[in-house]
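Chemist: Have a look; sequence and predicted model below, questions after that.
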Amino acid sequence: MAPPQGSRAPLEFGGPLGAAALMLLLPVTMFHLLLVARSGPARLLGPPPYLPGLEELWSPWALLLCLTWLGLQAALYLLPARKVAEGQELKDKSRLRYPINGFQALVLTALLVGLGVSAGLPLSALPEMLLPLAFAATLTAFIFSLLLYLKALVAPASALAPGGNSGNLIYDFFLGRELNPRICSFDFKYFCELRPGLIGWVLINLALLMQEAELRGSPSLAMWLVNGFQLLYVADALWYEEAVLTTMDIIHDGFGFMLAFGDLAWVPFTYSLQAQFLLYHPQPLGWPLASFICLINAVGYYIFRGANSQKNTFRKNPSDPRVADLETISTATGRRLLVSGWWGMVRHPNYLGDLIMALAWSLPCGVFHLLPYFYFLYFTALLVHREDRDERQCLQKYGLAWHEYCQRVPYRIVPYVY
Ligand SMILES: NC(=O)C1=CN([C@@H]2O[C@H](COP(=O)(O)OP(=O)(O)OC[C@H]3O[C@@H](n4cnc5c(N)ncnc54)[C@H](OP(=O)(O)O)[C@@H]3O)[C@@H](O)[C@H]2O)C=CC1
Ligand SMILES: CC(C)CCC[C@@H](C)[C@H]1CC=C2C3=C(CC[C@@]21C)[C@@]1(C)CC[C@H](O)C[C@@H]1CC3
């Protein structure tokens, strides 16, 4: 298929070969982690304890549960929202509208789950179903990506993403062709980015905590910390939901296998790895160390939230008193860049905060296993790669002004290190 005119973006992720490798490697890694987390030695780098047969992976009940979950989250998405936000300007100068009711969806889900559990819903049985559920989510993501690919075939050229339209089927399927696939006002990418996966992640964590309580009488302090930290992170993302409208996933990337699998399968099943590990490998944790880990998480959150809010406030209204005194540089686009405050410390202070939190989520699992640190290692690689992609896009957008910013703020993520 010929690429549409004017959309020859440089290939990313190693081109078609890299995309094909990632499409295989990501699900394999996810299943490896799920199997290893429940095995005795829990060795990240060792072979999986065994290879599950199809009868262990495939369950129609798991698929039904997965689809019911998506249906529930879609219904909550469609409820009246406290606010409707406008996205960034599109190629055709129009702006899409997005409901801001993610936090409401989290609270309503919590109420429904609470009601279900008090009526006898066996939530603690969920950990036993993680393998077939992850398989069902992967299958759903794959079929969904196929449908998205087909939908993009009939989309107008103006609706296509800058990347993801190379003409190579595998690459385009992976990256995603259409920028904002929608049916009426239902935006699939925006919905998937924040709702089923993120809320599913904390639900799995909660189920693991409840099963630990059943097994050992009460949840361990380490399990409480992991659940608390990650709930804070998810609640924060949904509370500040509007901020996702300025991320590169929404503005730049098409919706294909990478994001569909990432949102629907990768996030709930690999981001809950620490809680999975703790269920099968209880770790002693005293209050002094727990307090220290809480402090690390608080420092990370303070930087993450401070940096994200500062940029979002500045982008919404540069004369807001909270940011009006910050030093900036002008760019040819009319938009200015912050060079003091958080964004004067490093060029991605929000990534630094996020990484500090990632470390705090692993520490309750002790230091004798590498497995619970998988998230920290993967996330470092993801953010380094993401930072590089963002820098290239900013250089294209801001040209000389971006060079000046890089000179004024030489470090990318970690002051004096990187
Ligand atoms: N847990 C997870 O798996 C993941 C979490 N995240 C988190 O999500 C959040 C959003 O991340 P992401 O979308 O990658 O990127 P950012 O929120 O960092 O956004 C980058 C954009 O910010 C603007 N910008 C950059 N420098 C400046 C400056 N000095 N002054 C003003 N604006 C500037 C530019 O856009 P413009 O100028 O056009 O406004 C740039 O493209 C982060 O906190 C990140 O840690 C991200 C990915 C995965
Ligand atoms: C499977 C691949 C390796 C890549 C998948 C990437 C996705 C898992 C992430 C891409 C950007 C994301 C963002 C978030 C979650 C992970 C994904 C979907 C947040 C919603 C997490 C909470 C933050 O507050 C905002 C993030 C925006 C980007």
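Modeler: Perfect, I can see it now. Residues are numbered from 1 along each chain as shown. Ligands and ions are numbered 1, 2, ... in the order given.
Chemist: show me what contacts the nearest residue to F269 once chain neighbours are set aside?
Modeler: Nearest residue to F269, sequence neighbours excluded (Cβ to Cβ, 6 or more residues apart in numbering): A134, at 4.5 Å. From N, CA and C alone the C-beta is placed, and that goes for glycine too. A134 makes contact with 30-31, 34, 265, 269, according to Cβ atoms under 8 Å, 6 or more residues apart in numbering.
Chemist: Please identify the residues of the protein in proximity to ligand 1?
Modeler: Applying Cβ under 6 Å from any ligand atom, we find that the chain lies next to ligand 1 at 246-248, 304, 308, 311, 315, 335, 337-338, 343, 348, 350-351, 354, 386, 390, 393-394.
Chemist: For those residues, which PyMOL command selects only the ones that are buried?
Modeler: Listed next is the PyMOL selection for buried residues among the residues of the chain next to ligand 1, using 16 or more other Cβ atoms under 10 Å:
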select buried, resi 304+308+311+337+338+343+348+350+351+354+386+390+394
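Chemist: residue ranges for the strands of the stretch 1-150 of the chain, please.
Modeler: Taking DSSP state E, counting those that start in this stretch, the strands of the stretch 1-150 of the chain run over residues 84-86, 97-99.
Chemist: quick one: secondary structure of the residue nearest to E404 when sequence neighbours are not counted?
Modeler: In space, and not counting its chain neighbours, E404 is closest to I329: 5.7 Å by Cβ to Cβ, 6+ apart. Put simply, I329 is strand when judged by DSSP: H, G, I helix; E, B strand; the rest coil.
Chemist: Counting residues, which helix of the protein comes out longest?
Modeler: If you go by DSSP state H, the chain has its longest helix at helix 287-316.
Chemist: what bridges to the residue nearest to E404?
Modeler: Under the criterion DSSP bridges, I329 forms beta bridges with L337.
Chemist: In terms of pLDDT, where does it sit?
Modeler: Per-residue pLDDT puts I329 at 94.
Chemist: try F13
Modeler: Reported pLDDT for F13: 89.
Chemist: Could you do R8 as well?
Modeler: pLDDT, R8: 63.
Chemist: Equivalent analysis for P162, please.
Modeler: pLDDT, P162: 85.
Chemist: Any idea how many residues pack against it?
Modeler: Using other Cβ atoms under 10 Å, P162 is surrounded by 16 other residues.
Chemist: can you check E178 too?
Modeler: Per other Cβ under 10 Å, the neighbour tally for E178 reads 24.
Chemist: just V323 next, same as before
Modeler: Using other Cβ under 10 Å, V323 has 21 neighbouring residues.
Chemist: Cool, thanks, talk later.
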